[in-house]
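> the following comprises the amino acid sequence and a computationally predicted model.
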Amino acid sequence: MKFNGFKTLLASAAFSLVAVSAYADGIGASLLTQQHPFYIELAKAMTDEAKAKNVPLEISVANQDLNKQLSDVEDFIVKGVDVIIISPVDSQGVISAIARANAAGIKVITVDVPATGVPVASYVGTDNFAGGVKAGELMAEKLGGKGKVAIIDYPLVQSVVNRVNGFKEAIAKHPDIQIVSIQTGITRAEALAVAQNMLQADPEITGIFGFGDDAALAAAVAVKAAGLQDKVKVIGFDGMEEARNAVDADPVMVGVIQQFPDQLGKTAVDTAVKVIAGEEVPAEQPIVPGVYTKK
């Protein structure tokens, strides 16, 4: 298939998004947010790889609004793109949109966040369960195998569910560590309030696992505000620069599970190009995360 040329559209101060005219061949991508460094880096990697492969790419940003994401996917279907890449705002709520794309003969690739209950051509994402296990093992090590742990969660997103399940599995191997609280705190402000509530409700908490960098950084602020910096250890997940810097400088942040959004973005676009060419692609393409601790 012949790919059309690119037209660059400045979508934010953080990165440029590549746009194509209506009814053009190529890739339509619906990303969960542009407010997080992880997704800024992922979008940049997608844009760079699309340029390198000379395939049109249009990126829409849902900003964690499921209705906007459903509308964006519908727009891609009307335009007749060849492939849709999506990072779901809600792993179940996005089912209807993916089903409509499939019915229209448009292949769908999920990136970072999987969809549940609907077939896709491929899922490209961090091995979140393995990352959760690594977070649990690190927590157990930092707590000396005993203590009380809380989790700041985001249960609407399957990738986070997998992280938390992996964390629980690792902690379960240490009978002297109890998970005493699991609460949802999606934004940094929400996570701060949740962490404060957790620490007030149970002052014996010695560890907090944040589902993402924002949650962990907020938890670290709550720990210090409560004067518990010598008692409570915090571990995050994503590994963006702010979180890595905190691990290096802040004794409360003892580690972060590091994802590689550049690899996710590049692999998602490469997979879309193969799908357009009619090639077979793996149903799942897990990328193993790393563990970042103080240098």
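Arrived safely. Keep in mind it's a predicted model, so treat the numbers as computed, not measured.
> sec struct for F76, please.
Judged by DSSP: H, G, I helix; E, B strand; the rest coil, the three-state class of F76 is helix.
> ok, it to G26 distance?
As judged by Cβ to Cβ, to the nearest Å, F76 and G26 stand 10 Å apart. Backbone N, C-alpha and C define where each C-beta goes, glycine included.
> what do those two both touch?
Common neighbours of F76 and G26 are listed as E58 (criterion: Cβ atoms under 8 Å, 6 or more residues apart in numbering).
> and V180, how far from V291?
For V180, the distance to V291 - Cβ to Cβ - is 24 Å.
> chain center to the helix or strand harbouring K44: distance?
If you go by DSSP states H and E, K44 is part of helix 37-53. Centre-to-centre, helix 37-53 and its host chain are 15 Å apart (Cα atoms, centre = their mean, to the nearest Å).
> what pLDDT, on average, does it get?
On average, the pLDDT along helix 37-53 is 95.
> give the buried residues for that helix.
By 16 or more other Cβ atoms under 10 Å, the buried positions in helix 37-53 come out as 37-50, 53.
> any idea which helix or strand comes after it?
Next along from helix 37-53, by DSSP H and E: strand 57-61.
> so what strands line up beside that following strand?
Applying DSSP bridges, strand 57-61 is found paired with strand 27-31 (parallel).
> could you export the strand it pairs with as CSV, CA atoms only?
Extracted C-alpha coordinates of strand 27-31, given in CSV (Å, rounded to 0.1, in the frame of the first residue of the first chain):
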residue,chain,number,x,y,z
ILE,A,27,-2.5,4.8,11.4
GLY,A,28,-4.9,6.4,13.8
ALA,A,29,-3.8,6.4,17.5
SER,A,30,-5.9,7.2,20.6
LEU,A,31,-3.7,7.7,23.6
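> who touches it?
39, 42-43, 46, 50, 55-62, 69, 72-73, 75-76, 79, 81-87, 268-269, 272, 276.
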